[in-house]
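Undergrad: when you get a sec, could you give me coordinates for this:
(chains A and B)
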Amino acid sequence: MPSKMTDTRTRPLQFRGSLALAVQQFPRNRAATVGFVILFAICFAAAFAPWVAPYDPIQIKLSMKLKPPSFEHLMGTDHFGRDVFSRMLWGGRTSLSVGLLVVGFAFMLGVPLGLASGYFGGKVDNALMRLVDAFLTFPPLLLAVALVGLLGPDIKNVMLALGLVQAPILARMVRGSTLAVREDVYVTAARALGASPLRIVLSHLLRNMVSPIVVQLTVVFAAAVVSEASLSFLGFGTQPPAPSWGRDMSEARRFLADAPWMFLAPTSIIAVCVLSINFMGDGLRDALDPRAWRTRRSVGADA
Amino acid sequence: MSLLRVRNLHTRFATDRGDVRAVNGVSFDLEEGEILGLVGESGSGKSVTALSIMRLVPEPPGRISADSLAFDGRELLALSEAEMREERGSSMAMIFQDPMRSLNPVLTIGRQMTEVLRRHQKLDGAAAKRRAIELLETVGIPSAEKRLGAYPHQFSGGMRQRVMIAIALSCNPRLLIADEATTALDVTIQAQIVDLVKRLTRERGTSVIWISHDLGVVAGLCDKVNVMYAGNVVESGPIRELFHRPSHGYTLGLMGSTPRVDGTGVRRLTPIEGMPPSLIEPIPLCPFLPRCRVSIPACQTVSPERRDFGSDHWARCLADLKPGDRAP
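TA: You can find the predicted model right below:
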């Protein structure tokens, strides 16, 4: 047998998990790496805003109002003389945590719903999907506005509302993927080897849907950041004087002609954030799918 | 006592247009260490028979019933789903037609092999790994240790089927069901896989149900053959008997439509005309009658009963076929 020819016996067992391989794969995508670095930097700066921010974000200093960017005020000042850069950092805490929590909420609610619906089918599927349909019939932002209106304008309610808006979309998508993957031969093969339903769902169905789910979650994150901005813009989210990207953007529009930096700062940060997330999602999708790996590892390549 | 006893197995699928009787009264026995071929065209109920034995038919819409479906003396239909899961993969295993799709594309070969070993043999990680390497070497995969970390797409079709065989045999099952296991492979690989299955199952005394529509493969591998048509066994017998003296119009037709390379004269292949019957309506007469080329007048009035020809060979056919008869 050819197996005698190899010297692998002398080497220690190396049997790396797919996660390690995925991590190794991720940096191969340039755009994704850049996206990750930028996002990390923004998150880091936002998280450490109390130490990083040069000024107090809510301290009013009217003598300094509407000053253009300078070395003292990197992104200029707003109509109350507050430092825009500091406000962006503090606002990031709000916007990004909204994004993350909405992603978490949508994931925890949407994925199990979708899996249950797709895996069990029949009546379970019908019941769950009609519920999802009911949610999907409302325009997402209007639904969020209604929910916040019902619960009161508070950032926690914004998170809840956005999560409830996003979860059905995710559930729908996961259900579709489940239906497709469920019919694959390897699922029957796994059952023929004695795998339990839980194992099938976790290690076969879910594992094969990681790519679409991750991509959808990056979309959810981006949508959440933008929606929070929209809700705050409309006055339902963050209440003044607390900083938030969307809130500040909404205030800046009154000074668009006199102080464009006030408007440019939040819009460009949101844009950069969303773009970075999308690039990162792309990279994650490829890194998590062994079939999309660019360079074949030596294993099996000589087969 | 035989390892597997199937008596009057029925599997139906509920559809909008009525129940499809995919398996319609199948009975057979499988002895310890015996290799049984199940042949017939697409839709004849071979695969559903196999899936019913493993209880892998989705219920609903499927419904399995039988007078007896006993594996090693235990009635499978009486087992709970959890008890059945303990049997699957450990005492009975199955490999499928398409090795390209029967391995999970996003899990490493090693993970898929050790999962089964850990589940059924309760091996720890390291022991399962060692066993997986041994198994891969047994099925002839070189550099087995390195390949544990490979993904299915890095393997060729033949290698994947070898991996599937390794996984299926990893817990030393007493019954292996191979559903068209070589159909998707090219001929040289087919021969290797057939040899491998033959060697490994003979060594271990594993009983095999080999599903195929390739009579050549069946002739080379099996001890016994069941010919299936429209959800039932129409002829059954030891391999030599059945090939020497096909006694059902359908078996004859199958043989007539199979090319031979053993040089028994140049002849035209004769296809079986027409289509298999719908399995929704009950079939009162011989289900093969509309396509049969050797039918006799009695076929139009009576349903054929099982006729025995000795040495375990029987057929449900009214026509008296003689050895050497061909499909006209």
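Undergrad: all strands for the chain, in order.
TA: In the absence of a named chain, chain A is used. For chain A, no strands are identified by DSSP state E.
Undergrad: not quite, go with chain B.
TA: Under DSSP E, chain B gives strands at B:4-15, B:18-30, B:35-39, B:62-65, B:68-71, B:74-75, B:92-95, B:175-179, B:207-212, B:224-229, B:232-238, B:307-308, B:314-315.
Undergrad: okay if I get those as a markdown table plus distance to chain A, mean pLDDT and mean neighbour count?
TA: Where you see a C-beta, it was placed from the backbone N, CA and C, and this is true even at glycine. Shown next, in a markdown table, are these (distance: least, CB to the nearest CB, whole Å; pLDDT from 0 to 100; neighbours: other CB atoms under 10 Å in any protein chain shown):
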| stretch | distance to chain A | mean pLDDT | mean neighbour count |
| --- | --- | --- | --- |
| strand B:4-15 | 12 | 88 | 19 |
| strand B:18-30 | 16 | 87 | 20 |
| strand B:35-39 | 16 | 91 | 26 |
| strand B:62-65 | 13 | 87 | 16 |
| strand B:68-71 | 14 | 88 | 19 |
| strand B:74-75 | 16 | 88 | 12 |
| strand B:92-95 | 4 | 90 | 27 |
| strand B:175-179 | 8 | 91 | 25 |
| strand B:207-212 | 13 | 91 | 25 |
| strand B:224-229 | 20 | 91 | 26 |
| strand B:232-238 | 23 | 89 | 24 |
| strand B:307-308 | 34 | 84 | 12 |
| strand B:314-315 | 31 | 86 | 24 |
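Undergrad: make TSV out of those and add distance to A:Ala45.
TA: Shown next, in TSV, are the strands of chain B (distance: least, CB to CB, whole Å):
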stretch	distance to A:Ala45
strand B:4-15	60
strand B:18-30	64
strand B:35-39	67
strand B:62-65	59
strand B:68-71	65
strand B:74-75	66
strand B:92-95	55
strand B:175-179	58
strand B:207-212	63
strand B:224-229	70
strand B:232-238	74
strand B:307-308	87
strand B:314-315	82
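Undergrad: closest to A:Ala292 out of those?
TA: strand B:92-95 (27.6 Å; CB to CB).
Undergrad: quick one: distance of whichever helix in chain A runs longest to the chain centre.
TA: Selection of the longest helix in chain A by residue count, based on DSSP state H, yields helix A:84-120. Helix A:84-120 sits 6 Å away from the centroid of its parent chain (CA atoms, centre = their mean, to the nearest Å).
Undergrad: for it, which helices and strands make contact with it?
TA: Secondary-structure packing of helix A:84-120 (3 or more CB pairs under 8 Å, 6 or more residues apart in numbering or on different chains; DSSP states H and E): helix A:30-47, helix A:49-52, helix A:122-136, helix A:155-182, helix A:210-233, helix A:245-252, helix A:260-288.
Undergrad: and the third one, what's buried?
TA: Of the residues in helix A:122-136, those scored as buried under the neighbour-count criterion (16 or more other CB atoms under 10 Å in any protein chain shown) are A:125, A:128-129, A:132, A:135-136.
Undergrad: nearest to A:Asp154, of those?
TA: Checking those against A:Asp154 by CB to CB gives A:Phe135 as the nearest, at 21.4 Å.
Undergrad: quick one: residues contacting that closest one.
TA: For A:Phe135, the contacting residues are A:143, A:164-165, A:167-168, by CB atoms under 8 Å, 6 or more residues apart in numbering or on different chains.
Undergrad: got it, and B:Glu59?
TA: Applying CB under 8 Å, 6+ apart to B:Glu59 gives no contacts.
Undergrad: quick one: it from chain A, how far?
TA: Separation of B:Glu59 from chain A (CB to the nearest CB, to the nearest Å): 12 Å.
Undergrad: ok, A:Pro57 to chain B distance?
TA: Between A:Pro57 and chain B the computed distance is 45 Å (CB to the nearest CB).
Undergrad: quick check, that residue in contact with A:Phe85.
TA: No - with contact defined as CB atoms under 8 Å, A:Pro57 does not count as touching A:Phe85 (9.3 Å).
Undergrad: can you redo the contacts of A:Phe135 as CSV with pLDDT and distance to B:Ala126?
TA: Formatted as CSV, these follow (pLDDT from 0 to 100; distance: CB to CB, whole Å):
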residue, pLDDT, distance to B:Ala126
A:Leu143, 85, 53
A:Leu164, 89, 46
A:Val165, 88, 48
A:Ala167, 91, 41
A:Pro168, 92, 45
